[in-house]
Each structure stands twice: as C-alpha cells, then as structure tokens.
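**Student:** this one's structure only:
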C-alpha cells in the first residue's frame, strides 16, 4: 500500500474518492507594515480588542513564508492557545493527512493561519469587531507570503473572507477572490471529525484546489 493510500485510509476514505457598561477603550491597530519580523512583533503586542485579556499567547501562523498555498481557519482553540501553533490536536492531524493526500505537507509550500490570532473564550464564534481588528494582520500576511491560492477552511472563515452569509454547500466548488487572490472553500477539519460522511466532499474540494493551482 502506498503512503497516499495509507493516508486516505487514516482519513476514513478509500483511495478512489481518491444594556451593559461601555467597554474600556482599547488601542486601535495601525495597518501593519514592514517585514515578517515587524509583523510578528505587532501581533502579540496587539490590544485592539478584548480577546487579548484572556489569551495565553497569540497564534500567528506557521509554515513556508513564501508558500503558494495559504490555508485559513477561524480562530485558535484551547490547544492552539496553549501551544502557539494553529491546527494542532486531532484536527491538526487530519489536516496534515488531507495535505498529504494531495502531496503537500505543513511547512512545505504551505502556510497555515487563522482569521483571528487570539482564542475566543469557550471557542465561541468571533465577534464582528474582533474580526475587523484582526483582519489587517491577515491581509499583511497575504501581502508578505504572496500565495497563489487561498483555501478557506470552515463556514466562519469562508463567510468572513467572502463577506457573505452563504452556506458552505453553496460556496464549495467555485473559485472566489480574496485580497486579490483566488480562494476556494472547504470544510474545517474539526467539522470533518464530527461529520465523517463529508470527508468525501472535502476530498473533492482538495482535488478542485489542486486542479485550480495547476492552472495558475
């Protein structure tokens, strides 16, 4: 059995699918400029929204800083907040397997980050104000990486990046645009762990992403 088939098996797929008091004023972040070093200093120093009060640390992103592939999730969870890296734990393992299934690997021509750099308490959905305060960091990451393709993983990431309330089902299978880059929508690995039948749909999304990348 090839490594590809082993990876697909681990994913559970056959090879063929082959009135409250006003909040205290916080510092507004300037539009990030400069190098990776300056951006990596700006993110952990940010106090623009209330999420900084409860974080253990910020989760900046990880991977190849000149990658063609940029994968964007929603926000850090408890383990990400503890460790400082995006997509760890079981969801991270599944993501690594998904990447391996299309001959990619974390850190090798792939960069992974989230819309938010701080964990929302209780893993709740991010608030619009939080997204607005954090989006400049994501945009600067995209400017620095210059990816060929952005993959939005999960409903929240897709709806945020595309400024829509459309469902994942209606957004999948098409090439969208974000920050001047083609963008493809797929499911979040954590969702797939709870909804195994949709893994085949995620595989179709990956194949579509690979095909789209080959045409860029």
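**Tutor:** Yep, that arrived. All values reported here derive from a predicted model rather than from experimental measurement.

**Student:** count of residues packed around residue 59?
**Tutor:** 29 (other CB atoms under 10 Å). (Each C-beta comes from the backbone N, C-alpha and C, glycine too.)

**Student:** pretty sure it contacts residue 88?
**Tutor:** No - using CB atoms under 8 Å, residue 59 makes no contact with residue 88, being 9.5 Å away.

**Student:** spatially, what comes nearest to residue 98 if we skip its sequence neighbours?
**Tutor:** residue 206 (6.3 Å; CB to CB, 6 or more residues apart in numbering).

**Student:** next, show the common contact partners of residue 59 and residue 88.
**Tutor:** With contacts defined as CB atoms under 8 Å, 6 or more residues apart in numbering, the residues adjacent to both residue 59 and residue 88 are residue 80.

**Student:** am I right that the residue nearest to residue 98 sits in a helix?
**Tutor:** Yes - under DSSP: H, G, I helix; E, B strand; the rest coil, residue 206 falls within a helix.

**Student:** tell me who's in contact with it.
**Tutor:** So residue 206 contacts 98, 101, 102, 186 (CB under 8 Å, 6+ apart).

**Student:** of the residues you listed, which is the nearest to residue 135?
**Tutor:** Taking CB to CB as the measure, residue 135 lies nearest residue 186 of the contacts of residue 206, at 20.5 Å.

**Student:** tell me the pLDDT of the spatially closest residue to that closest one that is not a sequence neighbour.
**Tutor:** Spatial nearest neighbour of residue 186, excluding adjacent residues (CB to CB, 6+ apart): residue 205 at 3.7 Å. If you check residue 205, the pLDDT there is 97.

**Student:** now residue 125
**Tutor:** Value for residue 125, per-residue pLDDT: 89.

**Student:** I'd say it and residue 156 touch.
**Tutor:** Yes - between residue 125 and residue 156 there is a contact under CB under 8 Å: 6.0 Å.
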